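A.B. asks: here are the coordinates; sequence isn't available:
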């Protein structure tokens, strides 16, 4: 999951947590506000009643306590309010005014009321005044308010989530641009783009600056390493040539016995192998340093046909069936010698690690306007650990086989030089498939 989505989800979850807390607290908040308003209203009505109270009115209420019309009509004919006055002794330390929620049955209809109970003394008599206000409408209103606020919360959550997603994406745009242009597309330090990334955030500008510095140091190290390999290889070829010449002269000495002759011949073979390794390292170094031209027209079909003729003796010795299924005369610009080495290394690798009476199939085609050529064998195959280091220098699949482990490393360098992508698929005991994908079609 991308960081922008993680941040957006985190912000949404924190808002959701706040909304849940507010939702749980909402009934208490609404209830307090509503009760505060009703209490004030009841206190105002109590005040007016007390102010206009006289003995005649008291006697009227007391003498007709069951007269519901007279008792309730003064406030409401819909039973939303009621007033009851009764003689009740005032207890010691009793609060003068209290508020309670009680159910009252009025005209066979039971409802919940917010009731103000006020105790007072008038002309030596203790009285209790009860003024009630129905809570049925308040409960309905509370439900409506909660439902409305829930909808508002959900809308706010969705809007803020989308806003966070777009804003975070805007903030992280330079970060993804750095990854795309300066990391993912860079195969060699020399191809690194040092163009500064425009970013509103200082952090990303600093990241870009530090990345440029790091790549400069890496490029310098790569350059020194390539130069070192090239220089060392050149310096080693001269003493090797001198040693080989001296050993060859020694072979001309007729006084040598068979034992000495075999030792000198073995030394010459070792020198030849060392010379081949150095030449291969020089080849890789020159390819990596772009010392080759890439302006020749190359026909891959012709190269494969020529290779089949050159390697036919080796193919026959291993009793391998070579099948050329190429149907396209694909032509592109590059270095013909290097491409020949690339295909040669893949085919000889397929011969070397094949099974007796096995087969090698070469075919080509087009997928999404990209040309490919596949070299497939029925050899011993490789596991995942071997596939991971297959293009590493001096890495060999099987230690019993001859070779220096540089063939596929050279193939990888040549492919990178021509902007060709190599894909490898392999299965133990079933064989290996190398596919060369060409990014640009010059002509076909």
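C.D. replies: In hand now; what should we look at? From a predicted model like this one, the values you see are computed outputs, not experimental measurements.
A.B. asks: which strand or helix spans the closest residue to residue 94 other than its chain neighbours?
C.D. replies: Spatial nearest neighbour of residue 94, excluding adjacent residues (CB to CB, 6 or more residues apart in numbering): residue 119 at 6.2 Å. Every residue, glycine included, has its C-beta placed from N, CA and C. For residue 119, the host element (DSSP states H and E) is strand 109-122.
A.B. asks: same thing with residue 16?
C.D. replies: helix 3-51.
A.B. asks: roughly how far out does that helix sit from the chain middle?
C.D. replies: Centroid separation for helix 3-51 versus its chain: 40 Å, with CA atoms, centre = their mean, to the nearest Å.
A.B. asks: in its sheet, what does the strand holding residue 119 sit against?
C.D. replies: Here strand 109-122 is paired, per DSSP bridges, with strand 97-106 (antiparallel), strand 125-134 (antiparallel).
A.B. asks: which other residues reach the first one?
C.D. replies: Surrounding strand 97-106, the residues in contact under the criterion CB atoms under 8 Å, 6 or more residues apart in numbering are 35, 39, 42-43, 46, 68, 72, 79, 82, 110-119, 132, 135.
A.B. asks: coming back round to it: what residues sit buried inside the strand holding residue 119?
C.D. replies: In terms of neighbour count (16 or more other CB atoms under 10 Å), strand 109-122 has its buried residues at 111, 113, 114, 115, 116, 117, 118, 119.
A.B. asks: gap between stretch 49-60 and the chain center?
C.D. replies: 79 Å.
A.B. asks: show me which residues of that stretch are buried.
C.D. replies: Applying 16+ other CB under 10 Å to stretch 49-60 flags 49, 53, 58 as buried.
A.B. asks: ok, stretch 329-348 next?
C.D. replies: In stretch 329-348, counting by 16+ other CB under 10 Å, buried: 330, 332, 334-335, 338-347.
A.B. asks: where do the strands sit along the stretch 151-300 of the chain?
C.D. replies: 296-299 (DSSP state E, counting those that start in this stretch).
A.B. asks: so what pLDDT did residue 265 get?
C.D. replies: Note for residue 265: predicted pLDDT of 84.
A.B. asks: for it, which non-adjacent residue is closest in space?
C.D. replies: Residue 265 sits nearest to residue 251 (CB to CB, 6+ apart), 7.3 Å away.
A.B. asks: residue 262 is in contact with that neighbour, correct?
C.D. replies: No: if you go by CB atoms under 8 Å, residue 251 and residue 262 don't touch, sitting 10.8 Å apart.
A.B. asks: tell me where the model's unsure across the stretch 301-444 of the chain.
C.D. replies: 395-404, 440-444 (pLDDT under 70).
A.B. asks: tell me where it has helices.
C.D. replies: Assigned by DSSP state H, counting those that start in this stretch, the stretch 301-444 of the chain shows helices spanning 312-317, 336-352, 384-388, 407-417.
A.B. asks: would you mind pulling up the elements that the first one packs against?
C.D. replies: It refers to helix 312-317. If you count contacts as 3 or more CB pairs under 8 Å, 6 or more residues apart in numbering; DSSP states H and E, helix 312-317 packs onto helix 336-352.
A.B. asks: again, but for the third one
C.D. replies: Packing contacts for helix 384-388, counted by 3+ CB pairs under 8 Å, 6+ apart, involve strand 420-427.
A.B. asks: can you check what angle separates the strand it packs on from helix 336-352?
C.D. replies: Orientation of strand 420-427 against helix 336-352 (axes from the mean of the first three to the mean of the last three CA atoms, to 10 degrees) gives an angle of 0 degrees.
A.B. asks: who does the residue nearest to residue 94 bridge with?
C.D. replies: residue 128.
A.B. asks: for it, give me its contacts.
C.D. replies: So residue 119 contacts 88, 90, 94, 95, 96, 97, 126, 127, 128, 129 (CB under 8 Å, 6+ apart).
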